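# Fold the following for me, if possible:
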Amino acid sequence: MRNWKEKTIAISSERLSLVPIEGGDGREILEWINNGEIVSNFQFFTGAFSIEEESRYLTKMADSPTDFLLGLFINNGRFIELIGTCGLHEIDFKNDTARLGIIIGKKEHWNEGYAREAIRALLGFAFNAMNLHKIYLNVFVTNGKAVHLYAQVGFRIEGTLRSEYKIRGGYVDMYRMAILREEWKKSV
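Here you go, the predicted structure:
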């Protein structure tokens, strides 16, 4: 496995800085993941989480050799406002793949293009700095807004994962979407 995580990860885009989450960010993130409206399209957030659980998760991400989680900070020369998180998970250096995750937790910043900008910056890092071959994600088939966003960035639907998760009393289908490095390079 590559020794990629020893260096500090810092990614910038026009309006955002993507930097590792710090312990003090846990309370703000906890507010988002405990808000049903914000996390209604996520399979993992189905109940109330405690600050202890969130702290354990952030520590797990920081220590994981196959995951990293970054805060999305509006960049105006200073890191002043945390508006979401994004990261790569299940990084597989044998097959050069990873799963992308993103959340814009501050509703007042929805529909401002921050998710698209963050995804593009993260993909650039994944394909250029980490030399990964494929980035994939899973999204509810009913989340048309996210499916549209991912397609705009270059992800393609690879298939439908039927009844993939049992959530909120029922089974839901997910699309598996992915983008390859050569597709990414053609789009930039």
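# what comes up buried for the least confident helix or strand in the chain by mean pLDDT?
The weakest-scoring helix or strand in the chain, judged by mean pLDDT, DSSP states H and E, is helix 26-33 (a mean of 71). For helix 26-33, burial by neighbour count (16 or more other Cβ atoms under 10 Å) applies to 26, 28-30, 32-33. (C-beta placed from N, C-alpha, C; glycine too.)
# so after that helix, what's the next helix or strand?
helix 51-63 (DSSP states H and E).
# what does that following helix rub up against?
Residues outside helix 51-63 that contact it (Cβ atoms under 8 Å, 6 or more residues apart in numbering) are 20-21, 23, 25-27, 29-30, 33, 67-69, 87.
# Tell me the neighbouring strands of whichever helix or strand comes after it, and mark each as parallel or antiparallel.
Using DSSP H and E, the helix or strand that follows helix 51-63 towards the C-terminus is strand 68-75. Sheet pairing for strand 68-75, assigned by DSSP bridges, gives strand 16-20 (antiparallel), strand 79-92 (antiparallel).
# chain center to strand 68-75: distance?
With Cα atoms, centre = their mean, to the nearest Å as the basis, strand 68-75 stands 10 Å off its chain's centre.
# Tell me the confidence at the residue of the chain most remote from its centre?
Centroid-distance maximum for the chain: Gly169 at 25.2 Å, with Cα atoms, centre = their mean. Listed pLDDT for Gly169 reads 83.
# same deal with Ser55?
Value for Ser55, per-residue pLDDT: 73.
# Check the one 3 residues further on too.
Model confidence at Leu58, given as pLDDT, is 75.
# Please produce CSV containing the strands paired with strand 68-75, extended by distance to Ile157.
Output for those, formatted as CSV (distance: least, Cβ to Cβ, whole Å):
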stretch, distance to Ile157
strand 16-20, 26
strand 79-92, 19
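# Would you reformat those strands as CSV and include mean neighbour count, distance to Ser55 and mean pLDDT?
Below are the strands paired with strand 68-75 laid out as CSV (neighbours: other Cβ atoms under 10 Å; distance: least, Cβ to Cβ, whole Å; pLDDT from 0 to 100):
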stretch, mean neighbour count, distance to Ser55, mean pLDDT
strand 16-20, 20, 15, 90
strand 79-92, 18, 15, 89
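# Low-confidence ranges, this protein, go.
Residue ranges of the chain with pLDDT under 70: 1-7, 23-24, 33-47, 49, 51, 54, 76-79.
# mind redoing it with 90?
Low-confidence segments of the chain (pLDDT under 90): 1-10, 19-65, 68-69, 75-82, 85, 103-108, 110, 165-170, 187-188.
# ok, how many other residues are close to Phe125?
Neighbours of Phe125 under the rule other Cβ atoms under 10 Å: 18.
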